[in-house]
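In: predicted model, plus sequence, below.
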Amino acid sequence: MTDSSLREEDIRSTVRTFILEEFLVGEDPTALTDTTSLIRGGILDSISSMRLINHLEQSFNIVLSQEDVTIDNLDTVDRVVRVVQAKL
Amino acid sequence: MSRTSRLVGDLVWIGKRLMLKALVVSVPISVHLWIGSLRGRVCRILSAPPAHIRRNIQLVFGEDSELRDRVALEYLEFSKQRYLWRLLPLHPGFKASTRFPILGLENLEAAKQQNRATMLVTAHLGHPHIIPWVLEKHGYPVRQVLAELDRPEKNRQLQDWLDRSGELKASIFQKTKTLADILRPTDLVASLDVRPLLSALSSGEIVMIAGDGLRATQFINFPLLGQPYPFPTGFIKIAKMTDAVMLPVFAVPSSKPRGIEVHIRAPLKLDPKADLEENLREFAEVLGDQLQQTPHLWLRWKISDWFDQARERAEQISF
């Protein structure tokens, strides 16, 4: 595995773990796939998105601007991973 | 389109913009208010209200003897509002004018004295755009949350239009901006990113938000005028999170003297232990109450099949 794919898996795992532990407590973890709709599916709202953003900023030492925080960018685990990767 | 017709079109547009600017500056506020009312009456006489306005109002109030009056009054008010909202707060006499009183200011004062975050919750009713300007002239700066579309630099449609328009037209546009074209630097853009909004509330600023808007991630349906209507839930969550005092506020026309009154209602009773639905219900009731008093002032009647559309739009989530 390359460094970048390792990094990607690290980001994915961080995002998944946070969502499962904070917003899907008691739910079946397999129900959260990389393409599950987080916002349109009602898992994240503006407040929980903010908590996810704060977690990502602290975990990866990045800054997400208001332009980064859009439904398009945060609606699936895949997209969140891409946004974080772009900021690293 | 030929070059000549485009040139003529541009000249007409420039002429209208310059005339509007000259009108704003040279005509006293009281006359503008009178012209606004006159414009509404003339529109009502010269043209019939669009059928969908009648359909929307009929859906809610039924085919009663007052339907015709309600539709006509709505049409009059909207025509008047379209004239006034573009120029009033930018008028040089606005600050000194006494025609924009605030009723219920003690509710805002009480909130400020508690040193709590203050959230004004308005609706697309009457003259909401004027509220921050009126409060500001009474010494209460307000940061309003507006749709991204209202921020010209974020409005791609407007930006494309300006890019196509050429330097002269773009320059005239910038110099003759009306209220419809500006978003103040202090205003906040409605977005999934609520950090700026939380920051403003945490630092004790007064924030105004529309409680019947459709730019949100989650909604709860409540009856409004007897129809299910999707209310956004975010502002309630933010108020709970910041322990903000929530004050419903509406700007409605007054007749003697002719002007616009800002009504600040008593604070909504947020129960931290109650669920979201319970806390949102009170605002839905306050708005419903205001709409029963002034149904003709709701700005949503203009949209065809409004209640159906609102539910569809709410499901689409738009930022």
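Out: Happy to help now that I have it. Since the structure is predicted, the reported quantities are computational estimates derived from the model, not experimental observations.
In: contact residues of chain A facing chain B?
Out: A:39-40, A:42, A:44-47, A:49-50, A:53, A:66, A:69-71, A:74 (CB under 8 Å from any CB of the partner chain). In short, each C-beta sits where N, CA and C put it, glycine included.
In: rerun at 7 Å
Out: Taking CB under 7 Å from any CB of the partner chain as the criterion, chain A approaches chain B at residues A:39-40, A:42, A:45-47, A:49-50, A:66, A:69-71, A:74.
In: give me the three-state assignment for the residue of chain A found nearest chain B.
Out: Nearest residue of chain A to chain B: residue A:69, at 3.6 Å (CB to the nearest CB). Under DSSP: H, G, I helix; E, B strand; the rest coil, the three-state class of residue A:69 is coil.
In: tally of neighbours for the residue lying closest to residue B:100 once chain neighbours are set aside?
Out: The shortest distance from residue B:100 to any non-neighbouring residue, by CB to CB, 6 or more residues apart in numbering or on different chains, is to residue B:134 (4.6 Å). Residues contacting residue B:134 under the criterion other CB atoms under 10 Å in any protein chain shown number 24.
In: now find how far off-centre the one helix or strand residue B:134 maps to is within its chain.
Out: Element membership for residue B:134 (DSSP states H and E) is helix B:131-137. Chain-centre distance of helix B:131-137: 13 Å, with CA atoms, centre = their mean, to the nearest Å.
In: now the helices for the chain?
Out: By default, I'm working from chain A. For chain A, the helices defined by DSSP state H cover A:3-22, A:46-60, A:71-74, A:77-87.
In: should've been chain B
Out: Going by DSSP H, chain B shows helices at B:3-26, B:29-46, B:51-61, B:67-84, B:105-113, B:131-137, B:156-165, B:167-175, B:195-202, B:234-242, B:276-293, B:306-316.
In: list the buried residues of the second one.
Out: When neighbours are counted by 16 or more other CB atoms under 10 Å in any protein chain shown, the buried residues of helix B:29-46 are found to be B:29, B:32-33, B:35-37, B:39-40, B:43-44.
In: same question, the shortest one
Out: Buried residues in helix B:131-137, counting neighbours by 16+ other CB under 10 Å, are found at B:131-136.
In: one step back: tell me how many other residues crowd the residue of chain A closest to chain B.
Out: Counted with other CB under 10 Å, residue A:69 comes out at 21.
In: the one 4 residues further on too?
Out: Burial of residue A:73 is recorded as 18 neighbouring residues (other CB under 10 Å).
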